[in-house]
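Peer 1: dropping a prediction and its sequence here:
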Amino acid sequence: MLRSVLATAVAATVLTAVPAAAAEIGGPVDLGTLPGGLTSVGLRVNHHGTVFGTAYDAALDEHGARWDAAGRISELRPLDGYDTVRAAAITEAGVAIGSSMDTVISGRATLWDASGVPVALPLPDEFPHHPFSEAVAGSEHGVVAGFVYGAPGPDTVVRWDTTRGTVTELGFGRVRAMNEAGAVIGWYGDQPRYWDPAGHLVELAAGGSLADIDDAGTVVGTSGAHAAKWDSTGHLTVLDTTWESSSARAITADGTIVGEVTGKDHQTRVARWDPAGRLTVLATPDGVPSRFTAVSRTGVVLGELDWRTSVVWTADGRLSVLPLPPVADAYCHGYGLTDWEVTGVCSVPGGNSHAVVWRLGEPVGS
């Protein structure tokens, strides 16, 4: 029996006119690559302008890369015995969180502090037969969430406390996201999983697919074919039933939810639900379809138009296209953002691509 009240959308507001452009965006600023390397990509950025991504070295090996706010690059090598780095997160202190991976897609959860030396996160004693691990999310308090895997047991979600040097097994599954309190969401098979900060499994009404969690413990995702949210006790609210389908993809600090809606025309549009549940479909020129990529903590949305043009919407819905480099047939793609910066990748002469940043404005207090 459903334990929650299903709520339909309060009111749907669609921005039909193309809004005025936001303040001029600076960039893209080419961050370059490792000495002798040709290709790099920026994937995560913190509010101090530190970028975490990957880059090829002169031997064509793909390693981690970290750029400081001045654009200086440092190499983040994988652990010994591994080949590449998979980026997961960058903290405000600049600690890079990710995984050292090998060619057969097995890995080890890894941290890189200011020294750039890779440190393996420990495997839990309770699962000695899980030889591999991956990090997925991290907090500013030194907690990392991920999973361990490898025969003979099922994939198992774990939480590392790097300040205490401990690792805790939470249960079977894989991780999607974690909040600052240490609550973790993920899935096991076709079932959603939500562990509270104490490690207890929370039952989610009606089930669904989970995408993000805020610091209050509100989880967003999809239930059935529609965007939904669950509170910290597992009670469900369906956000919209007016569109053919919808999905909630992220939640910001003030409870604003961002995701996508799809109409009978089969076109997908980026949408936002305010904390009261009011739906706004973010405007695009001439009804061009849009896709969600990421959102900043105050509601700046990064997405794509028609699968090929990276754009941002400000918190009040104004649309701006991320500028391209002055290169013939240039392309760019944004991956991560803060309130005033986007990181991603752009083509450069020679047919290669480099990590870049775009500046959306000046940091508060600068």
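Peer 2: Received it, and whenever you're ready, just let me know what you need. Numbering: from 1, shown residues only.
Peer 1: what's the burial count for Val95?
Peer 2: 22 (other Cβ atoms under 10 Å). No exception for glycine: its C-beta is placed from N, CA and C like everyone else's.
Peer 1: let me fix that: Ala315
Peer 2: 16.
Peer 1: in contact with it, which residues?
Peer 2: Thr298, Gly299, Val300 (Cβ atoms under 8 Å, 6 or more residues apart in numbering).
Peer 1: any of those residues buried? List them.
Peer 2: Gly299, Val300 (16 or more other Cβ atoms under 10 Å).
Peer 1: let's have the contacts of Ala315 in JSON lines, adding distance to Pro326, pLDDT and secondary structure.
Peer 2: Below are these laid out as JSON lines (distance: Cβ to Cβ, whole Å; pLDDT from 0 to 100; DSSP: H, G, I helix; E, B strand; the rest coil):
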{"residue": "Thr298", "distance to Pro326": "31", "pLDDT": "90", "secondary structure": "coil"}
{"residue": "Gly299", "distance to Pro326": "31", "pLDDT": "94", "secondary structure": "coil"}
{"residue": "Val300", "distance to Pro326": "25", "pLDDT": "96", "secondary structure": "coil"}
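Peer 1: return the member of the contacts of Ala315 nearest to Asp316.
Peer 2: Set against Asp316, the nearest of the contacts of Ala315 by Cβ to Cβ is Gly299 (8.8 Å).
Peer 1: would you confirm that the closest one contacts Thr252?
Peer 2: Yes - here Gly299 reaches Thr252: they are 5.2 Å apart, a contact under Cβ atoms under 8 Å.
Peer 1: identify the contacts common to the two.
Peer 2: Val258.
Peer 1: point out where the stretch 251-366 of the chain drops to low pLDDT.
Peer 2: 362-366 (pLDDT under 70).
Peer 1: where do the strands sit along it?
Peer 2: 257-262, 268-273, 279-281, 290-295, 301-305, 309-313, 319-321, 332-337, 341-348, 352-359 (DSSP state E, counting those that start in this stretch).
Peer 1: who's the residue nearest the centre of the chain bridged to?
Peer 2: Among the residues of the chain, the one closest to the centroid is Ala294, at 6.2 Å (Cα atoms, centre = their mean). When assigned by DSSP bridges, Ala294 has beta-bridge partners Leu302.
Peer 1: tell me the contacts of it?
Peer 2: Ala250, Val301, Leu302, Gly334, Tyr335, Gly336, Leu337.
Peer 1: mind running it again at 7 Å?
Peer 2: When contacts are counted by Cβ atoms under 7 Å, 6 or more residues apart in numbering, Ala294 is found next to Leu302, Gly336, Leu337.
Peer 1: compare the strands of the stretch 251-366 of the chain and give me the one nearest Ser232.
Peer 2: Closest of the strands of the stretch 251-366 of the chain to Ser232 is strand 257-262, at 15.5 Å (criterion: Cβ to Cβ).
Peer 1: for the closest one, packing partners?
Peer 2: strand 245-251, strand 268-273, strand 290-295 (3 or more Cβ pairs under 7 Å, 6 or more residues apart in numbering; DSSP states H and E).
Peer 1: dump these to a markdown table, plus distance to Tyr194.
Peer 2: Output for the helices and strands packed on strand 257-262, formatted as a markdown table (distance: least, Cβ to Cβ, whole Å):
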| stretch | distance to Tyr194 |
| --- | --- |
| strand 245-251 | 14 |
| strand 268-273 | 20 |
| strand 290-295 | 21 |
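Peer 1: select, out of these, the one closest to Thr54.
Peer 2: strand 290-295 (17.4 Å).
Peer 1: run a quick neighbour tally on Ser232.
Peer 2: 17.
Peer 1: surely it is in contact with Gly217?
Peer 2: Yes - in this structure Ser232 lies within contact range of Gly217 using Cβ atoms under 7 Å: 3.2 Å.
Peer 1: circling back to that earlier point, Throw the strands of the stretch 251-366 of the chain into JSON lines and include distance to Ile105, thanks.
Peer 2: JSON lines is the format used below for the strands of the stretch 251-366 of the chain (distance: least, Cβ to Cβ, whole Å):
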{"stretch": "strand 257-262", "distance to Ile105": "29"}
{"stretch": "strand 268-273", "distance to Ile105": "29"}
{"stretch": "strand 279-281", "distance to Ile105": "38"}
{"stretch": "strand 290-295", "distance to Ile105": "24"}
{"stretch": "strand 301-305", "distance to Ile105": "27"}
{"stretch": "strand 309-313", "distance to Ile105": "28"}
{"stretch": "strand 319-321", "distance to Ile105": "35"}
{"stretch": "strand 332-337", "distance to Ile105": "21"}
{"stretch": "strand 341-348", "distance to Ile105": "22"}
{"stretch": "strand 352-359", "distance to Ile105": "23"}
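Peer 1: which positions in stretch 174-181 come out as buried?
Peer 2: For stretch 174-181, by 16+ other Cβ under 10 Å, it's Arg174, Val175, Arg176, Ala177, Met178, Asn179, Ala181.
Peer 1: which pLDDT does the model give the third one?
Peer 2: In this prediction, Arg176 carries a pLDDT score of 98.
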